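Trainee: this one's sequence-less:
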């Protein structure tokens, strides 16, 4: 992928990650780019199988055609919704880009920063759930951590007050 832009979007298939994906597709992704969806799942929630092979390094890049297949998606423990798949199918066709997913297991803060370096990403777009000050103090903000520790440009797409 040398010389080509590799745009990462953190996705968990929530409303705020779909908003980040839409924003990235409309504002960042250009014809010829690679769009990599980065999904991070909690440790210990997966069963035996492929996931244990890639616990340390993340899964291989999974093409859109594969993670669109419900059987393959289930094998990896992801549940892409029809709206997200539709957005991806449209952008792949219209802008002639390569779309793939990479799955990591562990703490989203650490794994998103690892993804930036390991894939490697030209930039990362991440949604922000807009936690209140108390929840953010207790849970910590994934987006704030990645902005401060990531080694590429990180864009945070904020969830509106009246959304999700």
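Mentor: Here it is on my side, so go on. On a predicted model such as this, the values are computed, not experimentally measured, just so you know.

Trainee: ok, residue 7 touching residue 120?
Mentor: No. Assessed by C-beta atoms under 8 Å, residue 7 is found out of contact with residue 120, at 11.7 Å. The C-beta positions use only the backbone N, C-alpha and C, and glycine is treated the same way.

Trainee: which one of those two has more residues nearby?
Mentor: residue 7 (22 against 13; other C-beta atoms under 10 Å).

Trainee: name the element that one belongs to?
Mentor: Assigned by DSSP states H and E, residue 7 belongs to strand 6-10.

Trainee: helices or strands next to whichever helix or strand comes after that strand in the packing?
Mentor: Next helix or strand after strand 6-10 toward the C-terminus (DSSP H and E): helix 15-27. Packing partners of helix 15-27 (3 or more C-beta pairs under 8 Å, 6 or more residues apart in numbering; DSSP states H and E): strand 6-10, strand 34-41, helix 82-94, strand 123-128, strand 154-158.

Trainee: ok, and what's touching helix 15-27?
Mentor: 7, 9-11, 35, 37, 81, 83-84, 87-88, 91, 125-130, 155, 157, 159, 163-164 (C-beta atoms under 8 Å, 6 or more residues apart in numbering).
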